[in-house]
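Asks: With the input below, show me the fold.
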Amino acid sequence: MEVLLGFLTTIAAQLLKMTYLNRTQPETLATEVLSELQIQVLQAKATKSIPSVLTIAWAMESVARWASQYYGEDGCNSKISVKDGNYVVLGTNKKN
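Replies: Next up, the predicted model:
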């Protein structure tokens, strides 16, 4: 359990940093926060066209889209909406 907590804490800290940068400096390059492998995963999972310059704003939108797709397939009706740089979870009713 302690190993899982440490792993999830690292992910949460990275997402928090990305959220802050997305709100304050959305045009920052994604490579400032993400590793090359993480960027490759987001590119592979992209459902929209990939811009020539990968920014934090693009990375956050990609993560939000990926999470929305995952939770939709996992039995939860939640969808993530992107409005003015803010990410809002809509419809969190779980299926029984």
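
Asks: Quick check: S62 touching K45?
Replies: Yes - in terms of Cβ atoms under 8 Å, S62 counts as a neighbour of K45; the distance is 7.1 Å. Where C-beta positions appear, they are placed from N, C-alpha and C, glycine not excepted.

Asks: same question for stretch 28-44, mean pLDDT?
Replies: For stretch 28-44, mean pLDDT is 92.

Asks: what's the longest helix in the protein?
Replies: Scanning the chain for the longest helix, with DSSP state H as the assignment, gives helix 2-24.

Asks: Would you mark the buried spots in that helix?
Replies: Of all the residues in helix 2-24, those buried under the rule 16 or more other Cβ atoms under 10 Å are M18, T19, L21, N22.

Asks: farthest-separated two in these?
Replies: Using Cβ to Cβ, these span at most 7.4 Å, a distance reached by T19 and L21.

Asks: before we move on, what SS does the residue nearest the centre of the chain have?
Replies: Closest to where the C-alpha atoms of the chain average out (Cα atoms, centre = their mean) is V63, at 2.2 Å. Look at V63: counting by DSSP: H, G, I helix; E, B strand; the rest coil, its state is helix.

Asks: Low-confidence stretches in the chain?
Replies: For the chain, applying pLDDT under 70 flags the ranges 69-96.

Asks: repeat that for 90
Replies: 1-8, 10-12, 14-15, 45-49, 61-96 (pLDDT under 90).
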